[in-house]
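Novice: Quick one, fold the following:
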Amino acid sequence: MTIAFTFPGQGSQAVGMGKDLADAYPEARAVFDEVDDALGQKLSDIIWNGPEETLTLTANAQPALMAVSIAAIRVMETRGLNLADKVSYVAGHSLGEYSALCAAGMFSLADTARLLRIRGDAMQSAVAVGEGAMAAIIGLEHADVEAVCHEAAGAGVCQIANDNGGGQLVISGSKAAVEKAAALATEKGAKRAIMLPVSAPFHSALMAPAADAMRHALAQVEKRNPVVPVIANVRAAPVTDAGEIADLLVSQVTGQVRWRETVEWFAANGVTSLYEIGAGKVLTGLARRIDKNLSGTAVNSPADIEAALATILG
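Specialist: Numbers count the residues shown, from 1 in each chain. Below is the predicted model of the structure:
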C-alpha cells in the first residue's frame with residue numbers, strides 16, 4: 001500500500017469543523033490555540049461558532065482550514081504515525097498546499113497560519129470587488145476550455161484556474177471576459193457553465209499583487225525541506241527543495257491548480273490510497289472521478305482518525 005495525504009482547499013469550510021477533534025484530543029486543541037496566538041485573534045471561535053459569512057472570508061477560511069488539517073495530523077502523530085515512514089507524498093488544493101507543507105515540516109504551524117492570513121488578505125485586496133469573476137465549466141475538455149478562454153481574452157484576462165478532473169474546470173479573470181467565456185463554452189457544448197459566488201478572481205493574472213505579497217512573505221520565514229515530497233499544484237510533479245517550493249507557491253497565486261494531473265500522477269506512480277486530511281470530502285470525490293482504481297478516504301472525525309490509523313499502521 002503506497003499512501004499519499006491530500007489537504008482540502010477553500011470551499012470545504014463549515015462552521016463547527018474540527019470541534020470534535022479539539023474536544024476529544026488535547027493535541028488537537030493545542031493546534032487551534034497556537035493558530036489563535038499566531039494570528040492574535042480567536043479564529044477558533046469563528047471556526048466553531050461562526051457566523052458562516054465571517055468564516056467564509058478568504059482571510060479566515062484559509063488559516064481555518066489549515067488548522068483543522070494540522071489538528072488531525074497532530075492527533076495521528078501522537079498515536080504513532082510517522083509521516084516520513086508511512087506516507088510517500090503530500091499534496092493540497094490551492095491553500096491546502098500550505099497545509100501539506102506544514103504537515104511535512106517545511107513551515108512551522110505559526111508561520112503557516114500567518115502566511116495564509118497574508119495570502120487571504122492579499123488575494124482579497126488584489127482586485128476591486130465586482131471587477132473579477134470565476135466560473136465552473138462542466139463537460140468540456142481542457143483544450144476546449146483553453147480555446148474558449150483565448151477567444152474571450154479580448155474582453156480582459158481569462159484563464160483556467162483549476163483543473164479539478166471529472167470534466168470540471170474553473171476559469172478566472174476579468175468579469176466581462178469570464179462571462180463571455182462561459183457563454184462561449186455553452187455554445188461549444190458544455191453541459192453547464194456556472195458563475196461562482198466568489199469574492200475575487202483567484203489563480204488568474206489579476207492576482208499578481210498577491211503573488212508579490214507572497215514572494216515577500218515567504219522570503220521572511222524559516223523553511224526546511226519537507227520530510228516527504230510535495231506534488232506542487234502548478235507543476236503536478238514532486239518537489240523536495242524548500243527554496244524551489246517557495247517559488248512555486250508564488251507562481252501558484254496566479255497559476256493553475258493542476259489537480260486532475262496531480263491525481264493522475266499519483267495513479268501512474270504507484271500510489272494506491274489517498275487520505276484527505278481535514279474538513280469535508282471534496283478531494284475524495286474528485287479522486288474517485290479521476291481514477292476509480294485509487295482508494296480515497298476522508299479523515300476529519302475522531303472515528304475517521306482511528307479507522308485510518310488502524311489501516312495505515314496495520
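Novice: Every contact and neighbour count from this point should use C-alpha atoms.
Specialist: Will do.
Novice: And the strands in this protein?
Specialist: Using DSSP state E, the strands of the chain run over 3-7, 89-92, 132-138, 158-165, 168-174, 192-195, 230-231, 238-239, 273-277, 295-299.
Novice: how far does the third one sit from the chain's center?
Specialist: Distance of strand 132-138 from its chain centroid, counting by Cα atoms, centre = their mean, to the nearest Å, is 17 Å.
Novice: Please produce JSON lines containing the strands of the chain, extended by mean neighbour count.
Specialist: Listed next are the strands of the chain as JSON lines, based on neighbours: other Cα atoms under 10 Å:
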{"stretch": "strand 3-7", "mean neighbour count": "26"}
{"stretch": "strand 89-92", "mean neighbour count": "27"}
{"stretch": "strand 132-138", "mean neighbour count": "25"}
{"stretch": "strand 158-165", "mean neighbour count": "26"}
{"stretch": "strand 168-174", "mean neighbour count": "27"}
{"stretch": "strand 192-195", "mean neighbour count": "19"}
{"stretch": "strand 230-231", "mean neighbour count": "27"}
{"stretch": "strand 238-239", "mean neighbour count": "18"}
{"stretch": "strand 273-277", "mean neighbour count": "24"}
{"stretch": "strand 295-299", "mean neighbour count": "21"}
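Novice: export those strands to TSV and tack on mean pLDDT and distance to Ala72?
Specialist: Listed next are the strands of the chain as TSV, based on pLDDT from 0 to 100; distance: least, Cα to Cα, whole Å:
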stretch	mean pLDDT	distance to Ala72
strand 3-7	98	11
strand 89-92	98	15
strand 132-138	97	30
strand 158-165	97	24
strand 168-174	98	29
strand 192-195	97	33
strand 230-231	98	18
strand 238-239	98	23
strand 273-277	98	7
strand 295-299	97	8
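Novice: I figured Gly166 was touching Gly285, is that so?
Specialist: No - the pair Gly166 / Gly285 is not scored as a contact, 9.7 Å apart, by Cα atoms under 8 Å.
Novice: The two: who's more crowded?
Specialist: Neighbour count, other Cα atoms under 10 Å: between Gly166 and Gly285, Gly166 has more, with 18 against 14.
Novice: Quickly note the distance from the more buried one to Lys292.
Specialist: Computed as Cα to Cα, to the nearest Å, the Gly166 to Lys292 distance reads 11 Å.
Novice: leaving aside the residues next to it on the chain, what's closest to Val148?
Specialist: Ala181 (5.6 Å; Cα to Cα, 6 or more residues apart in numbering).
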